[in-house]
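**Q** Take this sequence and fold it.
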Amino acid sequence: MKTKKSQKKKESFFEKQLEIGKREEREETNLAEKYFYPKKSLGQNFLKNPQVLEKIVKAAEIKEGDGVLEIGPGTGVLTQALIKKGARVIAIEKDGRLVAFLKEKFKGQKVAVVEGDVLKINLPLVLEKAGFGEYKIVANIPYYITGQFLRLIFETKSLKIPQTVV
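**A** Just a heads-up that it's a prediction; the model follows:
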(Lines give C-alpha, C1' and ligand atoms only; values in the text may rest on other atoms or scores of the structure.)
Protein backbone atom coordinates (compact mmCIF):
# COMPACT_ATOMS: atom_id res chain seq x y z
CA MET A 1 0.00 0.00 0.00
CA LYS A 2 1.35 3.40 -0.99
CA THR A 3 1.54 6.05 1.60
CA LYS A 4 0.63 9.68 1.03
CA LYS A 5 4.28 10.59 1.58
CA SER A 6 5.55 8.25 -1.19
CA GLN A 7 2.77 9.45 -3.52
CA LYS A 8 3.77 13.05 -2.82
CA LYS A 9 7.43 12.23 -3.57
CA LYS A 10 6.45 10.73 -6.93
CA GLU A 11 4.33 13.75 -7.83
CA SER A 12 7.13 16.05 -6.74
CA PHE A 13 9.64 14.11 -8.90
CA PHE A 14 7.45 14.35 -12.00
CA GLU A 15 6.69 18.01 -11.39
CA LYS A 16 10.44 18.68 -11.16
CA GLN A 17 11.06 16.79 -14.39
CA LEU A 18 8.35 18.78 -16.16
CA GLU A 19 9.86 22.02 -14.85
CA ILE A 20 13.34 20.97 -16.01
CA GLY A 21 11.93 20.27 -19.48
CA LYS A 22 10.19 23.65 -19.58
CA ARG A 23 13.34 25.38 -18.38
CA GLU A 24 15.43 23.66 -21.10
CA GLU A 25 12.95 24.79 -23.76
CA ARG A 26 13.07 28.36 -22.41
CA GLU A 27 16.89 28.28 -22.37
CA GLU A 28 16.97 26.97 -25.95
CA THR A 29 14.55 29.69 -27.05
CA ASN A 30 16.57 32.34 -25.23
CA LEU A 31 19.75 31.05 -26.86
CA ALA A 32 18.12 31.25 -30.31
CA GLU A 33 16.94 34.79 -29.59
CA LYS A 34 20.47 35.72 -28.49
CA TYR A 35 21.91 34.73 -31.87
CA PHE A 36 18.98 35.44 -34.17
CA TYR A 37 17.30 38.80 -34.27
CA PRO A 38 14.21 39.54 -36.36
CA LYS A 39 15.01 41.11 -39.72
CA LYS A 40 12.68 44.01 -40.43
CA SER A 41 13.36 43.63 -44.16
CA LEU A 42 11.66 40.21 -43.98
CA GLY A 43 8.83 41.43 -41.76
CA GLN A 44 9.97 39.08 -39.00
CA ASN A 45 8.49 39.17 -35.54
CA PHE A 46 9.51 36.17 -33.45
CA LEU A 47 6.74 34.69 -31.36
CA LYS A 48 7.64 34.90 -27.66
CA ASN A 49 4.43 35.33 -25.68
CA PRO A 50 3.35 31.94 -24.28
CA GLN A 51 -0.30 33.02 -23.97
CA VAL A 52 -0.42 33.98 -27.67
CA LEU A 53 1.29 30.71 -28.59
CA GLU A 54 -1.27 28.76 -26.56
CA LYS A 55 -4.19 30.59 -28.23
CA ILE A 56 -2.81 29.92 -31.72
CA VAL A 57 -2.36 26.20 -31.05
CA LYS A 58 -5.77 25.91 -29.39
CA ALA A 59 -7.50 27.69 -32.31
CA ALA A 60 -5.83 25.30 -34.77
CA GLU A 61 -7.45 22.29 -33.08
CA ILE A 62 -4.46 20.06 -33.86
CA LYS A 63 -5.03 16.33 -33.73
CA GLU A 64 -2.43 13.57 -33.85
CA GLY A 65 -1.17 13.19 -37.43
CA ASP A 66 -2.53 16.49 -38.78
CA GLY A 67 -0.52 17.99 -41.62
CA VAL A 68 0.42 21.59 -40.88
CA LEU A 69 1.98 24.18 -43.14
CA GLU A 70 3.85 26.80 -41.12
CA ILE A 71 5.12 29.95 -42.81
CA GLY A 72 8.07 31.76 -41.24
CA PRO A 73 8.83 29.49 -38.27
CA GLY A 74 11.51 31.85 -36.98
CA THR A 75 13.20 30.18 -34.00
CA GLY A 76 10.72 27.28 -34.01
CA VAL A 77 8.65 28.14 -30.95
CA LEU A 78 5.31 27.53 -32.71
CA THR A 79 6.74 24.54 -34.57
CA GLN A 80 7.67 22.92 -31.25
CA ALA A 81 4.17 23.46 -29.87
CA LEU A 82 2.62 21.96 -33.02
CA ILE A 83 4.68 18.77 -32.94
CA LYS A 84 3.93 18.35 -29.23
CA LYS A 85 0.27 18.15 -30.27
CA GLY A 86 1.15 15.44 -32.80
CA ALA A 87 1.24 17.48 -36.01
CA ARG A 88 3.44 16.72 -39.01
CA VAL A 89 4.87 20.11 -40.01
CA ILE A 90 6.25 21.64 -43.17
CA ALA A 91 8.03 24.81 -42.06
CA ILE A 92 8.87 27.22 -44.88
CA GLU A 93 11.57 29.72 -43.91
CA LYS A 94 12.96 32.43 -46.17
CA ASP A 95 15.74 33.51 -43.80
CA GLY A 96 18.77 31.37 -44.59
CA ARG A 97 20.27 32.19 -41.16
CA LEU A 98 17.50 30.21 -39.49
CA VAL A 99 17.20 27.22 -41.84
CA ALA A 100 20.24 25.27 -40.59
CA PHE A 101 19.28 26.04 -36.98
CA LEU A 102 15.73 24.75 -37.53
CA LYS A 103 16.89 21.62 -39.37
CA GLU A 104 19.20 20.76 -36.48
CA LYS A 105 16.62 21.63 -33.81
CA PHE A 106 13.98 19.37 -35.37
CA LYS A 107 16.23 16.57 -36.65
CA GLY A 108 14.45 13.22 -36.32
CA GLN A 109 11.07 14.83 -35.64
CA LYS A 110 8.02 15.14 -37.89
CA VAL A 111 9.21 18.46 -39.33
CA ALA A 112 10.41 19.25 -42.83
CA VAL A 113 12.18 22.60 -43.05
CA VAL A 114 12.03 24.09 -46.53
CA GLU A 115 14.17 27.08 -47.42
CA GLY A 116 12.45 29.53 -49.71
CA ASP A 117 9.96 32.28 -50.29
CA VAL A 118 6.46 30.84 -49.84
CA LEU A 119 5.20 33.21 -52.54
CA LYS A 120 7.65 31.78 -55.10
CA ILE A 121 8.03 28.07 -54.34
CA ASN A 122 5.86 25.38 -55.89
CA LEU A 123 3.57 24.96 -52.89
CA PRO A 124 1.32 22.26 -54.42
CA LEU A 125 4.43 20.15 -55.11
CA VAL A 126 5.80 20.67 -51.58
CA LEU A 127 2.48 19.58 -50.04
CA GLU A 128 2.22 16.61 -52.41
CA LYS A 129 5.76 15.40 -51.64
CA ALA A 130 4.98 15.58 -47.92
CA GLY A 131 1.90 13.44 -48.48
CA PHE A 132 -0.45 16.14 -47.26
CA GLY A 133 -3.94 15.59 -48.60
CA GLU A 134 -5.79 17.56 -45.96
CA TYR A 135 -3.75 20.20 -44.19
CA LYS A 136 -3.94 23.22 -41.92
CA ILE A 137 -2.05 26.49 -42.08
CA VAL A 138 -0.84 27.58 -38.66
CA ALA A 139 1.61 30.45 -38.77
CA ASN A 140 2.85 33.76 -37.49
CA ILE A 141 2.90 35.08 -41.06
CA PRO A 142 4.94 38.21 -41.77
CA TYR A 143 2.38 41.01 -42.04
CA TYR A 144 3.59 42.39 -45.35
CA ILE A 145 2.93 39.11 -47.23
CA THR A 146 -0.37 38.10 -45.61
CA GLY A 147 -2.66 39.39 -48.37
CA GLN A 148 -0.53 37.93 -51.17
CA PHE A 149 -0.21 34.63 -49.33
CA LEU A 150 -3.94 34.25 -48.73
CA ARG A 151 -4.66 35.05 -52.39
CA LEU A 152 -2.09 32.43 -53.40
CA ILE A 153 -3.70 29.82 -51.14
CA PHE A 154 -7.29 30.47 -52.19
CA GLU A 155 -6.76 31.25 -55.89
CA THR A 156 -4.22 28.61 -56.95
CA LYS A 157 -6.35 25.97 -58.70
CA SER A 158 -3.84 23.15 -58.19
CA LEU A 159 -3.71 23.84 -54.45
CA LYS A 160 -6.17 22.16 -52.14
CA ILE A 161 -7.95 24.61 -49.78
CA PRO A 162 -6.69 24.16 -46.19
CA GLN A 163 -9.02 22.85 -43.48
CA THR A 164 -8.01 25.66 -41.14
CA VAL A 165 -6.02 28.88 -41.34
CA VAL A 166 -4.74 30.29 -38.05
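
**Q** Show me where this protein has its strands.
**A** 67-71, 88-93, 111-115, 136-137, 164-165 (DSSP state E).

**Q** Just tell me which of these ends up closest to Val57.
**A** Among the strands of the chain, strand 67-71 comes nearest to Val57, with 10.2 Å by Cβ to Cβ. Using the backbone N, CA and C atoms, a C-beta is placed for each residue, glycine as well.

**Q** Any buried residues in that closest one, and which?
**A** Neighbour counts over strand 67-71 (16 or more other Cβ atoms under 10 Å) mark 67-71 as buried.

**Q** Could you report the pLDDT at Val77?
**A** On pLDDT, Val77 comes in at 89.

**Q** what's the answer for Glu54, then?
**A** For Glu54, pLDDT reads 86.

**Q** Now for the nearest residue to it once chain neighbours are set aside, how many residues are close by?
**A** Once flanking residues are discounted, Glu54 sits nearest to Ala81: 7.9 Å by Cβ to Cβ, 6 or more residues apart in numbering. Applying other Cβ atoms under 10 Å, we find 20 residues neighbouring Ala81.

**Q** Glu64 now?
**A** 8.

**Q** for Gly131, same thing?
**A** Neighbours of Gly131 (other Cβ under 10 Å): 9.

**Q** For it, which residues are in contact?
**A** Gly67 (Cβ atoms under 8 Å, 6 or more residues apart in numbering).

**Q** Distance of it relative to Lys107?
**A** For Gly131, the distance to Lys107 equals 20 Å [Cβ to Cβ, to the nearest Å].
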